[in-house]
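Visitor: need a 3D model of the sequence below.
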Amino acid sequence: MGAGASVKQRSKSALTRELDRETEQKYKSITEAEELLAKRELEHAAIVDELRAEKNHAEANLAQVQETLERESKKWRKDKNEALHMMFSDLPLVQLSQSSKSAALSSRMFSGCSDSLCKEFPTVTIASWDVVGFAELCSQLKPAEIVSVLDDLNSRADKTFADPNIVILDRLSDNSTAATGLVERYTKNSSNDSNDDIQSDEFPEAPSDFARLLVTCCLRLMSSVPAIAIPRHAGSLLQLRIAIHMGPCSAGAIGLQSDDRLPRYRLFGPTVTMVNWLRSTSLALQIRVSRACKELLFENGVGDDFALERCPDYTVKNGREVVESYWLTGIVGENDLRLPPLEKSLSLSQYTDF
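Guide: The predicted structure is shown next:
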């Protein structure tokens, strides 16, 4: 009995140790699994935090982009509305109804306007210029060279006639037209920067002031002609000629029914016809002004700084009307500005049948 009990006791002890070893191994495995799970949870949390940070950064960038886009869209809409308002109201070339003015400005809006689309102006000063012998010049130059010359000429004209009271209306090849007197008063509205405010007394109001402004700009344009380079014609001058006339005319917008094109402004009337006739019989490198323009320049006892020389009378196409005109030779005095002598112009021009 004693020996059997001893064997059972030893078997029980061995079984207990075996169970203890298995329990210890399972506990160790569970501990390792828990440590691995905790490590994975930390890695997952780090990934979640990184993704959350990227999400917040992306949301912040998106909000900034949306804010910038909204700001730029507002600026674009404001600039567009101001441009349309300037084109259709402030010039003023087209009269809009009060309902149209209060409505949102868009290019489609103007196609439905039934009000007066043409306005009469009692005193408008018009300048027209082109290049003498332009067809012959085109035959001697390559198309790209012609484009370069015209681009240089038009760029100088844009800079010269940058005054807001002057409107460049037509650009047909080498022929361009500018007018003043279409804007009664120009004021710059700058609510963002008070330093940009332009005092109203800096801008002309009387027709004679507008005429002097346009004539002075024409002289500046003509004086810049020698700087225009003609390819493969070194030393040659671009034979620009300018005519200026003053009188009543009508101004209107053409193309209001088009949905995808901006309307074009046009001037109509005998004044436009007369300035074109004066230009077509003018001389290279000279400015020809009509008697009406000359009288306007010297209105109220001013204008003595403009040097004028009587040119031969010109009979218009109907053969009955004789037009008195003058060569504008420059400005004398403090701001001295002279054009080339008339003899030089006669040698350059193909129009010598005076």
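Visitor: hey, where'd the helices end up in the stretch 151-300 of the chain?
Guide: 207-223, 270-280, 291-297 (DSSP state H, counting those that start in this stretch).
Visitor: the strands in the stretch 51-200 of the chain, which residues?
Guide: 118-131, 166-172, 175-180 (DSSP state E, counting those that start in this stretch).
Visitor: redo the helices of the stretch 151-300 of the chain as TSV? Include mean pLDDT, mean neighbour count and distance to residue 139.
Guide: Any C-beta I mention is one placed from the backbone N, CA and C, and that applies to glycine too. Shown next, in TSV, are the helices of the stretch 151-300 of the chain (pLDDT from 0 to 100; neighbours: other CB atoms under 10 Å; distance: least, CB to CB, whole Å):
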stretch	mean pLDDT	mean neighbour count	distance to residue 139
helix 207-223	88	21	25
helix 270-280	90	20	20
helix 291-297	88	21	34
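Visitor: out of those helices, which is closest to residue 333?
Guide: With CB to CB as the criterion, residue 333 lies closest to helix 207-223 of the helices of the stretch 151-300 of the chain, at 12.3 Å.
Visitor: got a list of contacts for that closest one?
Guide: When contacts are defined by CB atoms under 8 Å, 6 or more residues apart in numbering, helix 207-223 is touched by residues 123, 125, 127, 129, 156-157, 160-161, 163, 165-166, 178-181, 204, 240, 242, 244, 246, 285-287, 289, 293, 296-297, 299-300, 302-303, 306, 328, 330-331, 337, 339.
Visitor: tell me the angle that helix makes with strand 166-172.
Guide: 50 degrees (axes from the mean of the first three to the mean of the last three CA atoms, to 10 degrees).
Visitor: helix 207-223 vs strand 175-180, what angle?
Guide: Using the same axes, to 10 degrees: helix 207-223 against strand 175-180 is 150 degrees.
Visitor: figure out how far helix 207-223 is from the centre of its chain.
Guide: 22 Å (CA atoms, centre = their mean, to the nearest Å).
Visitor: just the buried residues of the contacts of helix 207-223.
Guide: Among the contacts of helix 207-223, those that count as buried by neighbour count (16 or more other CB atoms under 10 Å) are 123, 125, 127, 129, 156-157, 160-161, 163, 165-166, 178-181, 204, 240, 242, 244, 246, 285-287, 289, 293, 296-297, 303, 306, 328, 330-331, 337, 339.
Visitor: name the surrounding residues that touch stretch 128-136.
Guide: Contacts for stretch 128-136 (CB under 8 Å, 6+ apart): 137, 153, 173-178, 218, 221, 238-244, 275-276, 278-279, 283-284, 348-351.
Visitor: surely residue 340 meets residue 287?
Guide: No. Residue 340 is not in contact with residue 287 according to CB atoms under 8 Å; the separation is 11.0 Å.
Visitor: so where's this structure uncertain?
Guide: 1-10, 83-117, 183-205, 256-262, 300-304, 314-321, 334-335, 346-354 (pLDDT under 70).
Visitor: mind checking the longest helix of it?
Guide: As assigned by DSSP state H, the longest helix anywhere in the chain is helix 2-85.
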